[in-house]
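K.L.:
Return atomic coordinates for the entry below.
(4 chains)
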2 protein chains.
Amino acid sequence: MNPVTLTDIEDLSGSLAQRVYQSLREAVLSMEYPPGTILRKGAICEQLGVSRSPVSEAIARLSAEGLVDVIPQSATRVSCFSMDEIREASFLREALELAAVAKVAEQRSDEQLTQLTRNLRLQELLVEDRDFAGFYKTDEEFHALLMEFTGFPGASSVASNVSLQLKRARMLLLPEEGRPAEAVKEHKAIVDAIRQSDPVAAQAAMKLHLGRLITQLEPLESQHPTFFRSR
Amino acid sequence: MNPVTLTDIEDLSGSLAQRVYQSLREAVLSMEYPPGTILRKGAICEQLGVSRSPVSEAIARLSAEGLVDVIPQSATRVSCFSMDEIREASFLREALELAAVAKVAEQRSDEQLTQLTRNLRLQELLVEDRDFAGFYKTDEEFHALLMEFTGFPGASSVASNVSLQLKRARMLLLPEEGRPAEAVKEHKAIVDAIRQSDPVAAQAAMKLHLGRLITQLEPLESQHPTFFRSR
DNA sequence: AATCGTCAACTAACATGTTAGTATTCGGAA
DNA sequence: TTCCGAATACTAACATGTTAGTTGACGATT
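P.N.:
Below is the predicted model of the structure:
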């Protein structure tokens, strides 16, 4: 009865376990598997045409990231949101992005500034075209670029790991009228501060920007109570 | 020929895989398995009296954390240090701890302040007794307390994960004469700022303190070239 | 009708068998 | 002696068999 909602692992690269992991992770983050969904190893094996070994490894990694809860000897289900966790993720993300943006403002190269500006222009275009999916993607690229420009290649992945729950919760947010345009303005303020090599201003602009997201997220708990756990 | 250097998994709790993971992780972090050591699944299975499944899962987790490098179809070895990675870890740790200490300074309870003060006194005692192992442990507890007091239970584990390489590299540092005493003073400055609810001063004190560690770590690359990879 | 205990079905966890890719060694040719 | 290549031994990766713990349903008892 359930349609095949997993991206085919044939399209991915790496070990089997790696591909299964990516496929499952994508399904969880995109809310194709909404919180509470029970993951059946057997079904996944059948669906992807692999044995349980790579599936187990994939699930173990998802569990370590907090995307699924595995109930010993019983079942494993897609983890529910908790507003506490979302606030925590927001706090950690802010800590990392503030440090990054300050460092970038201090040491940016012209080439890096150009890349940020180019990304910014793309954002404007996509908002004009009302291509919100494209905008989301470019938005995330913007933040990833900033982390990369710190000169620490792993910083980007740490930040995105820490923000996983935010990314997933954000999927519940319908693009609110006018919000993407505002986000672009805030991004612009950040880039302006970086252009002027002003770390303090860059941090302030980033803080403002990130604060908007958590504000948008807060009402979700009452709007989608089934996706949240009380605790 | 090799003596049994793994802590017995009997002493640990949780699933087999979890226990194996803890045992291996401890061995890597304590430098009992120095960088470059080749991990043989077969030997580990024999030594711990378990099958390859839990060992594989444990190694997969260590690999995800960057503590071991697994060479596909060939071998898995304890990862070498790289000064770039250590600088990166230091940057990320600083970002998190600065955010944490500011938040704690703003919202601390008296009970929390008491706990910090108590930890501080313990540090003084241990340094007086020249119990450096005990001091290291209490030092880490100090930083863990600060992360906990943010009110975000996961923040502590994120911070310690990010600092794994720092923790391991620190093992190479012989307790330098007078350094622990200085560290206690720096900790005291941090707690003083928290006592006065002064986030800015707390951040400054923390930044100074964390800066000392990376300064101590820098010379290691030339002192222990075999433990570092060039790249 | 409600509750409790038993049992059957299902799942993760663990053990073990199999495959395929890598590295090393050893022998032969230059 | 040196260099190259084939064969072998070893490893992680994958598949599959087995165990044990949990859940839910069903029936007996009150």
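K.L.:
Go through chain A and flag its longest helix.
P.N.:
Longest helix in chain A, counting residues (DSSP state H): helix A:83-107.
K.L.:
Against B:Ala155, how distant is A:Gly211?
P.N.:
18 Å (Cβ to Cβ, to the nearest Å). Bear in mind the C-beta positions are built from the backbone N, C-alpha and C, glycine included.
K.L.:
who has more neighbours, those two?
P.N.:
Neighbour totals were compared for A:Gly211 and B:Ala155, and B:Ala155 leads with 26 against 13 (other Cβ atoms under 10 Å in any protein chain shown).
K.L.:
Give me the nearest residue to the more buried one, chain neighbours excluded.
P.N.:
Using Cβ to Cβ, 6 or more residues apart in numbering or on different chains and skipping the chain neighbours, the partner closest in space to B:Ala155 is B:Met147 (4.8 Å).
K.L.:
likewise A:Leu164?
P.N.:
According to Cβ to Cβ, 6+ apart, the nearest residue to A:Leu164 is A:Glu65 (6.1 Å).
K.L.:
where does that neighbour land on pLDDT?
P.N.:
Looking at A:Glu65, its pLDDT stands at 93.
K.L.:
Please apply the same query to A:Val20.
P.N.:
pLDDT recorded at A:Val20 is 95.
K.L.:
Got phi/psi on the nearest residue to it once chain neighbours are set aside?
P.N.:
In space, not counting the residues next to it along the chain, A:Val20 is nearest to A:Ala58; the distance is 4.2 Å by Cβ to Cβ, 6+ apart. Per-residue torsions, A:Ala58: phi -60, psi -50 (degrees, to the nearest 10).
K.L.:
Might one say that A:Ala58 is in contact with A:Glu26?
P.N.:
No. Taking contacts as Cβ atoms under 8 Å, A:Ala58 lies outside contact range of A:Glu26: 11.4 Å.
K.L.:
For these two, indicate the residue with more neighbours.
P.N.:
Set A:Ala58 next to A:Glu26 and count neighbours by other Cβ under 10 Å: A:Ala58 wins out with 27 against 15.
K.L.:
what does chain A put close to chain B?
P.N.:
Proximity of chain A to chain B (Cβ under 8 Å from any Cβ of the partner chain) is limited to residues A:15, A:17, A:56-57, A:60-61, A:64, A:66, A:72, A:84-85, A:87-88, A:91-92, A:94-96, A:98-100, A:103, A:150, A:152-155, A:158, A:162.
K.L.:
Please say whether there is contact between stretch A:41-51 and DNA strand D.
P.N.:
Yes. Using Cβ under 7 Å from any atom of the strand, stretch A:41-51 reaches DNA strand D at A:50-51.
K.L.:
Pull out the buried positions in stretch A:76-83.
P.N.:
Using 16 or more other Cβ atoms under 10 Å in any protein chain shown as the test for burial, stretch A:76-83 gives A:76-83.
K.L.:
DNA strand D next: which of the residues you listed are close?
P.N.:
Among the buried residues of stretch A:76-83, DNA strand D is touched by none when using Cβ under 7 Å from any atom of the strand.
K.L.:
Any chance of those residues in JSON lines with distance to B:Gly49, pLDDT and secondary structure as columns?
P.N.:
Shown next, in JSON lines, are the buried residues of stretch A:76-83 (distance: Cβ to Cβ, whole Å; pLDDT from 0 to 100; DSSP: H, G, I helix; E, B strand; the rest coil):
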{"residue": "A:Thr76", "distance to B:Gly49": "27", "pLDDT": "94", "secondary structure": "strand"}
{"residue": "A:Arg77", "distance to B:Gly49": "32", "pLDDT": "95", "secondary structure": "strand"}
{"residue": "A:Val78", "distance to B:Gly49": "35", "pLDDT": "96", "secondary structure": "strand"}
{"residue": "A:Ser79", "distance to B:Gly49": "33", "pLDDT": "95", "secondary structure": "coil"}
{"residue": "A:Cys80", "distance to B:Gly49": "38", "pLDDT": "94", "secondary structure": "coil"}
{"residue": "A:Phe81", "distance to B:Gly49": "41", "pLDDT": "95", "secondary structure": "strand"}
{"residue": "A:Ser82", "distance to B:Gly49": "39", "pLDDT": "94", "secondary structure": "coil"}
{"residue": "A:Met83", "distance to B:Gly49": "44", "pLDDT": "96", "secondary structure": "helix"}
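K.L.:
which SSE is the spatially most central residue of chain A in?
P.N.:
Geometric centre of chain A, nearest residue: A:Lys167, 3.2 Å, by Cα atoms, centre = their mean. Following DSSP states H and E, one finds A:Lys167 within helix A:164-170.
K.L.:
next SSE after that helix?
P.N.:
helix A:179-195.
K.L.:
Just the residues contacting that next one, thanks.
P.N.:
By Cβ atoms under 8 Å, 6 or more residues apart in numbering or on different chains, the surrounding residues in contact with helix A:179-195 are A:101, A:104-105, A:108, A:113, A:116-117, A:120, A:123-124, A:127, A:132, A:135, A:139, A:142, A:146, A:199, A:201-202, A:204-206, A:208-209, A:212, A:216.
K.L.:
Quick one: name whatever helix or strand follows it.
P.N.:
The helix or strand immediately downstream of helix A:179-195 is helix A:199-217, counting by DSSP H and E.
K.L.:
thinking again about what came up before, so the residue nearest to the centre of chain A sits against A:Val28, correct?
P.N.:
No. With contact defined as Cβ under 8 Å, A:Lys167 does not reach A:Val28; the gap is 10.4 Å.
K.L.:
Now do the helix or strand harbouring A:Ile59: which elements does it pack against?
P.N.:
Following DSSP H and E, one finds A:Ile59 within helix A:52-65. For helix A:52-65, the helices and strands in contact under the criterion 3 or more Cβ pairs under 8 Å, 6 or more residues apart in numbering or on different chains; DSSP states H and E are helix A:16-29, helix A:41-48, strand A:68-71, helix B:52-65.
K.L.:
Go again with 10 Å.
P.N.:
Using 3 or more Cβ pairs under 10 Å, 6 or more residues apart in numbering or on different chains; DSSP states H and E, the elements in contact with helix A:52-65 are helix A:16-29, strand A:38-39, helix A:41-48, strand A:68-71, strand A:75-78, helix A:164-170, helix B:52-65.
K.L.:
Look at A:Gln223 and say how many residues are nearby.
P.N.:
Using other Cβ under 10 Å, A:Gln223 is surrounded by 10 other residues.
K.L.:
before we move on, what about A:Gly66?
P.N.:
A:Gly66: 14 surrounding residues under other Cβ under 10 Å.
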